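Enquirer: Got a sequence here, can you build the structure:
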Amino acid sequence: MEGLTNLRDLTLNYSGVGAFEVPTLQGFASLRNISFSTAGPMTQKSGGISNLGTAAFTVTGAGNDITLDDAAGTMNAGTGDLTINVTAGATTQTGMITSGGLNFTSAGSVNLNQANKIEGSLAAIVTGAGNGFTLTNDGIIDETSTLTLAGITTGANAPISIFTGGNLTISDNVTNSD
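Expert: Numbers count the residues shown, from 1 in each chain. Here you go, the predicted structure:
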């Protein structure tokens, strides 16, 4: 992505089954909506992503994970929503996520345990027995911020853990299929 200056909307579909590293996307003043899709495992590259719109990450290959492991940067969708779809495999992170909302669909466990800053709604569907959902959301600006749970569903015998430094509003069911 070097040399680009006015990148706005980006959709990248990687059809290879090998590992895909999401590029660093920083310093684009007009970057809005981004979407990445791959059949292999996906890892976020060091340097992070900052955009003004929405961000979507999709992994379709069996047993492949999404790893948001950019310890040096963040996944920053600003006030836009972040959508992550994993058809098989787990999702983990070591970098922080900032977004106006988070929408998750996963056939594997989801462990987002960093000081994330999600200022809007959270919706998640995690399937498979024992595949839980964990979110730490204590990177918020102040204690008056609200995270709205717009529904979380997990598989049988799967934990649901939400940790937040602000207010928590539940607007839809939070269930597992026990």
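Enquirer: Check which element follows the least confident helix or strand in the chain by mean pLDDT along the chain.
Expert: In the chain, no helix or strand scores lower on mean pLDDT, DSSP states H and E than strand 74-76, which sits at a mean of 63. Next helix or strand after strand 74-76 toward the C-terminus (DSSP states H and E): strand 81-86.
Enquirer: Go ahead and measure how far that next one is from the middle of the chain.
Expert: The chain centre lies 5 Å from the centre of strand 81-86; the measure is CA atoms, centre = their mean, to the nearest Å.
Enquirer: That one - what's its average pLDDT?
Expert: The average pLDDT for strand 81-86 rounds to 84.
Enquirer: And the contacts of it?
Expert: With contact meaning CB atoms under 8 Å, 6 or more residues apart in numbering, strand 81-86 is reached by 54-59, 64-66, 75, 91, 97, 99-108, 118, 120. For glycine as for every other residue, the C-beta is placed from the backbone atoms N, C-alpha and C.
Enquirer: Which of these fall within strands?
Expert: Those of those mapping onto strands are 55-59, 66, 75, 91, 97, 99-106, 118, 120, per DSSP state E.
Enquirer: Identify each buried residue in stretch 91-107, please.
Expert: By neighbour count on 16 or more other CB atoms under 10 Å, the buried set for stretch 91-107 is 91-93, 95-107.
Enquirer: Quick one: mean pLDDT for it?
Expert: Averaging pLDDT along stretch 91-107 yields 85.
Enquirer: Stretch 29-49 too?
Expert: Rounded mean pLDDT across stretch 29-49 is 78.
Enquirer: what does stretch 129-136 give?
Expert: Mean predicted lDDT for stretch 129-136 stands at 91.
Enquirer: That one spans what distance, first to last residue?
Expert: Its first and final residues considered, stretch 129-136 spans 22 Å by CA to CA, to the nearest Å.
Enquirer: Contacts for it, please.
Expert: 90, 102, 104, 106-116, 118, 122, 124, 126, 152, 154-164.
Enquirer: What's the end-to-end length of stretch 138-150?
Expert: This stretch, stretch 138-150, spans 18 Å end to end (CA to CA).
Enquirer: what sits against Ile34?
Expert: Ile34 sits next to Asp9, Leu10, Thr11, Leu25, Ile49, Asn51, Gly53, Thr54, Ala55, Ala56 when contact means CB under 8 Å, 6+ apart.
Enquirer: Narrow the contacts of stretch 129-136 to those that are buried.
Expert: 90, 102, 104, 106-112, 114, 116, 118, 122, 124, 126, 152, 154-155, 158, 160, 162, 164.
Enquirer: Give me the subset of those residues lying in helices.
Expert: Within the buried ones among the contacts of stretch 129-136, no residue falls in helices by DSSP state H.
Enquirer: Thanks a lot, see you next time.
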